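[1] Generate coordinates for the sequence data below:
(chains A and B)
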Amino acid sequence: MGRNTRSSVEVLGRYAGPATWILSSLADGPKHGYALINDIEGFAGVRLQPGTLYAALTRLVEGGLIEPTGPDGRRQPYRLTPPGEEALREHLTMQRRIAELGLRRLSAGLVTP
Amino acid sequence: MIADLGTITSKLFERWGWKCIPPLVLCWVAVWPVGLAWLALSLAGTYRDRDRSSEARVERRVARLLSLYPPRWQSRYGQEFAELLRETIRSGHGGPRLTLNVVREGAAAWWQTREGRRALLPATCWWMCWIPLGSQGLAPLIMKVSGGTYRSWFAALYLPSALQWPTIAVMFIAGFAMLGTAIRGMPALRQSG
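    Okay, here's the model as predicted:
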């Protein structure tokens, strides 16, 4: 895939994995940091460390893919923006294509032990 | 090393006789214990005055972790990140992995800032200049002057004798150049916190 066709999520480099998890988690409504960590642990089986979470959150905010909502006490919930929704949809569609292709090739039994 | 201290002492004794004994005794018998006692007392005082409740311990740890981030990042995300750190520590996930993660991401956040990048060279020079100045400059100089034979980690003393003084001089020049770079970069270091 060429550089110009990279999605907004992929531009995040080493934070692309956490970014996808964060965007997926926010797809069902705003969440603050600790709720994001627990939700991601629930569906991805990975417990993000606070530093990694906030590094990815910072980049997503700067990229306009998420935005803060009104503060909830000392917590700060975030929600998806329309460009964030679009970037997530595009990224997951591409991931699904790759997953389907890989599974199809695996099931064709071309891999020999 | 002890043998060399003995060599230095005997050289001093040869040069100044018994007069060198009181300052040596003062250094080795009085200065170090006084320094250590002062350090122990100040640490004990700090520990005694410290609030040892679990909440206070969490707050101190959160403040230490937060201080690893640049001031501008702290002013934007500090309050919410501190709250996340509190919740993480209270939930039992505040082990060394948390510290390592915050250290790594804090350094990455510094690297994102112009003042962080500008402070990198002077900070590196400040921490490293003591190697050429001290252990590779002053220490071999003292060994050469005192006629000690212990070479230890002093690179210059492993070279042929004709190259030893030039090497020591080069070490001093490099050390002072690094120290100068650090001092010149002090405004950038202060700006970066």
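
[2] can you pull out the helices in chain B?
    For chain B, the helices defined by DSSP state H occupy B:2-16, B:21-25, B:32-48, B:54-66, B:71-90, B:96-112, B:114-128, B:130, B:139-146, B:161-184, B:186-191.

[3] could these go into a markdown table alongside mean neighbour count, mean pLDDT and distance to chain A?
    (Each C-beta comes from the backbone N, C-alpha and C, glycine too.) What follows is the helices of chain B, written out as a markdown table (neighbours: other C-beta atoms under 10 Å in any protein chain shown; pLDDT from 0 to 100; distance: least, C-beta to the nearest C-beta, whole Å):
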| stretch | mean neighbour count | mean pLDDT | distance to chain A |
| --- | --- | --- | --- |
| helix B:2-16 | 13 | 65 | 46 |
| helix B:21-25 | 12 | 70 | 51 |
| helix B:32-48 | 10 | 85 | 28 |
| helix B:54-66 | 14 | 93 | 8 |
| helix B:71-90 | 19 | 93 | 4 |
| helix B:96-112 | 16 | 93 | 3 |
| helix B:114-128 | 16 | 86 | 14 |
| helix B:130 | 15 | 92 | 31 |
| helix B:139-146 | 17 | 84 | 40 |
| helix B:161-184 | 15 | 92 | 28 |
| helix B:186-191 | 14 | 70 | 21 |
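
[4] Can you tell me what sits against stretch A:98-111?
    Applying C-beta atoms under 8 Å, 6 or more residues apart in numbering or on different chains, stretch A:98-111 turns out to have no external contacts.

[5] Which parts of chain A are strands?
    A:66-68, A:78-80 (DSSP state E).

[6] how far does the first one sit from the chain's center?
    Which is strand A:66-68. Centre-to-centre, strand A:66-68 and its host chain are 14 Å apart (C-alpha atoms, centre = their mean, to the nearest Å).

[7] Next: stretch B:32-52.
    Using C-alpha atoms, centre = their mean, the offset of stretch B:32-52 from its chain centre is 20 Å.

[8] which residues are contacting that stretch?
    residue B:56.

[9] Not counting sequence-adjacent ones, nearest residue to whichever residue of chain A sits closest to chain B?
    Residue of chain A nearest chain B, by C-beta to the nearest C-beta: residue A:51 (3.2 Å). Spatial nearest neighbour of residue A:51, chain neighbours left out: residue B:105 (3.2 Å); criterion: C-beta to C-beta, 6 or more residues apart in numbering or on different chains.

[10] For that neighbour, which residues are in contact?
    A:49, A:51, A:52, A:54, A:55.
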